[in-house]
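[1] Sequence plus the predicted model coming up.
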Amino acid sequence: MTRLLVALLLCCLQSVPALAQGLPPDLDAWVARAMKTFDVPGVAVAVVKDGAVVHSRGYGVGRLGDPATVDARTLFGIASNTKAFTAAALGMLVDERKLAWDDPVIDHVPAFHMADPYASREITVRDTLSHRSGLGLGAGDLLFWPDTDVSRDEVVAATRFIRPASSFRSRYAYNNLMFVVAGQVLAAVAGKPWDEVIRERIFVPLKMGSTRISSVGLGPGDNVASPHSRGWRLRGTLRPIPPTRDDTWAAAAGIKSNLEDLVKWVGVQLGRGKIDGTHRLFSEAVSGEMWQVQTPNRVSDPPASLARTKPNFAGYGLGWGLRDYQGRKIVSHSGGLTGMVTLVLLVPSEQLGIVVLTNQEEGGAFNAIAYHVLDAYLGAPHTDWIAAYRQARDDEFRKADEEERKQAEARHRDSTPSLPLASYAGEYRDGWYGGAVVALEGAHLVLRLGRTPAAVADLEHWHHDTFRAVFRDTTIPDAFVTFALDFEGKIATVTMKATSELADFSFDYHDLLFQPAPGPEPLRPGAVRAP
């Protein structure tokens, strides 16, 4: 009886076909479905396996209303995928012994200080690349996004005024500002701007001839994908929008690239720094540091529809996110600008690299495409990732709607402002961001954030001394603006908070603490006040 059962079991096992391991045969149709589901005008997808480019193709159009199609040469803003370039360039200086990962930042950029004196003295190059500075999620992002007139030196100088959210090195909190600081370290040690170092030390040897830094120099006839947005609520009519001007925060998010060039970058990463049989970009030791967990992340449960994505470990290296999937280590990073999101994903043990570039701002499309390719190569059971990510998005929308319903129910509609509207008008100043102006225009108040030309909002009374700021640029999330009065009944402080969880974390209104401006705006570094 036992022998018969064994024989039957072996027979059944032999009759079940093994899961195919390779490029999914339905990839083109899958991408088309993802584009339709998430309303993405254009996508570019590349797959690198065992040193060969096995897929590199564009889909859809670069700009709605323009028939020009996306191809392997179409440039996209890769946003935070730039961070790995900054880390690699610093690693090259480590190889040359011009720098050490654990050098204090102030040894190279003496003007750098943080609000915490201990952190100012102790923060290292490694810390700037691994999101453990003590600053909060996205702290300081309003200095450069949406577009501002702030310089890189001003970003560094402003850091001392940003209040920490936690003690130094105590927890992970994703932060772009520290990568701007890292870029200034690179510039100081190399003796030339970050931009020149990246071009000369990475783009040239890898022959990434199309890749640009920031939007400067790109013309209307160039093969460039336009960003598209449905507004910050992600539910309006999709439309093309102007590209983000990202030269100030270039070291964090400023590179524009395409599949043709990024497969070369993926190749050198999977090769642990090797360009070819005789040349290297960086050492294997530097690669190991970038792919080593520097700051562990808490592993939490994803939305129910994405349960299979839950890792056993998660952390951040130097310019790369780290986790596991299907028993393999995943090295990856996403990138997000207004109207454009991207993904670069590596599976070192399988010598597999995936690049997905999109010109819309929902992550469901690139994630659904990447996981479909991953599952095919790793022999995982089929999952309808498009449906899963759509479900997660819809659940997020429902949750946000419920929170806004609760806000509306808690609103004291019968309350009135404590002061006449004209008394709220005036100039205000925050230590790290700078100035803002509230003006009475006709019968209502208007808020203008001084360093951000697009940030103009009509203030609608919410209750008591809180107003709802509805920004005229629909890509900028609404915010609650609260005026606090002192014992004399005068305005003492003004604080802000995003009205919805759908707001991107980079709109860090909550870090602002405006006070009535006592006098003229402080001089910028190197400026001279006119007599």
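    Good, I have the coordinates. Keep in mind the model is a prediction, meaning the values are calculated, not measured.
[2] quick one: low-confidence parts of the stretch 401-531 of the chain?
    Low-confidence segments of the stretch 401-531 of the chain (pLDDT under 70): 519-531.
[3] Output the below-cut-off pLDDT ranges for the stretch 1-150 of the chain.
    By pLDDT under 70, the low-scoring segments of the stretch 1-150 of the chain are 1-20.
[4] which residue ranges form the strands in it?
    Using DSSP state E, counting those that start in this stretch, the strands of the stretch 1-150 of the chain run over residues 42-49, 52-60, 76-77.
[5] P227 is in contact with T338, correct?
    Yes. If you go by Cβ atoms under 8 Å, T338 and P227 touch, sitting 6.1 Å apart. Placement of C-beta: from N, CA and C, glycine included.
[6] Quickly list what's touching both of the two.
    Shared contacts of T338 and P227, defined by Cβ atoms under 8 Å, 6 or more residues apart in numbering, are found at 241, 244, 361.
[7] got the contact list for the last one?
    What that stands for is E361. Counting by Cβ under 8 Å, 6+ apart, E361 touches 227-230, 234, 336-341.
[8] Roughly how far does it sit from G62?
    Using Cβ to Cβ, to the nearest Å, we find E361 at a distance of 15 Å from G62.
[9] cool, V293 as well?
    Computed as Cβ to Cβ, the V293 to G62 distance reads 37 Å.
[10] and E409, what is it in contact with?
    By Cβ under 8 Å, 6+ apart, the contact set of E409 is empty.
[11] in which helix or strand would I find it?
    In the assignment (DSSP states H and E), E409 maps to helix 385-410.
[12] For that helix, what is the distance to the chain centroid?
    A distance of 22 Å separates the centroid of the chain from that of helix 385-410, by Cα atoms, centre = their mean, to the nearest Å.
[13] which of the residues in it are buried?
    Along helix 385-410, these residues count as buried under the neighbour rule (16 or more other Cβ atoms under 10 Å): 385-386, 388-393, 400, 404.
[14] Could you check how far the closest residue to K274 other than its chain neighbours is from G51?
    Leaving aside its sequence neighbours, K274 sits nearest to R280 (Cβ to Cβ, 6 or more residues apart in numbering; 5.6 Å). R280 sits 15 Å away from G51, going by Cβ to Cβ.
[15] And F366, by the same measure?
    Distance of F366 to G51, given as Cβ to Cβ: 24 Å.
[16] These two: which is more packed in?
    The neighbour comparison of F366 against G51 (other Cβ atoms under 10 Å) goes to F366, with 28 against 11.
[17] Tell me the most packed of the contacts of E361, by neighbour count.
    Neighbour max across the contacts of E361 (other Cβ under 10 Å) = V341, 28 neighbours.
[18] Was I right to think it contacts N367?
    No. Using Cβ under 8 Å, V341 is not in contact with N367; the gap is 9.5 Å.
[19] Now tell me what touches the helix or strand in which V286 is found from outside.
    Under the criterion of DSSP H and E, V286 resides in helix 284-290. By Cβ under 8 Å, 6+ apart, the surrounding residues in contact with helix 284-290 are 84, 87-88, 91-92, 94-95, 101, 269, 272-273, 317-320.
[20] More neighbours: which of V293 and G62?
    Taking neighbours as other Cβ under 10 Å, V293 and G62 compare with G62 leading, 25 against 16.
[21] Without its sequence neighbours, what residue ends up closest to that one?
    Excluding the flanking residues, the one nearest G62 by Cβ to Cβ, 6+ apart is A225, at 4.2 Å.
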